[in-house]
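Engineer: Got a predicted model here, sequence first, then my questions.
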Amino acid sequence: MKPDEIRELNDEQIRERMEELREEEFRLRFRGAMMTLENPNLPKEIRRDIARMKTILRERELAGAGGASLGSQESE
């Protein structure tokens, strides 16, 4: 997934998609241990997608916290 596609989702949708990707990664790990995968780069791509999603969630978390802390500083 591209970052723009992830940003279109809300936080709950991102968390659900992350859980799906983790399960898929788990299954691929077992399949890869028993036989060769059609696309050996797929586990790497899944890990990167999960990292992108975590990054976007963290950006949103910091943006929300940053706005709250700025408001409290201005009122002092």
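Structural biologist: Looks like it arrived, so ask away.

Engineer: quick one: the strands in the chain?
Structural biologist: Assigned by DSSP state E, the strands in the chain number zero.

Engineer: which residues of it fall in helices?
Structural biologist: All helices of the chain, identified by DSSP state H, fall at 3-7, 11-34, 42-74.

Engineer: Now mean pLDDT and mean neighbour count too, for those helices, in TSV please.
Structural biologist: (Glycine included, C-beta is placed from N, CA and C.) Converted to TSV, the helices of the chain look like this (pLDDT from 0 to 100; neighbours: other CB atoms under 10 Å):
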stretch	mean pLDDT	mean neighbour count
helix 3-7	92	12
helix 11-34	95	13
helix 42-74	83	12
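
Engineer: Contact partners for the spatially most central residue of the chain?
Structural biologist: Computing the C-alpha centroid of the chain and ranking residues by CA atoms, centre = their mean puts residue 53 first, at 1.9 Å. If a contact means CB atoms under 8 Å, 6 or more residues apart in numbering, then residue 53 has 1, 6, 14, 17-18, 21 as its contacts.
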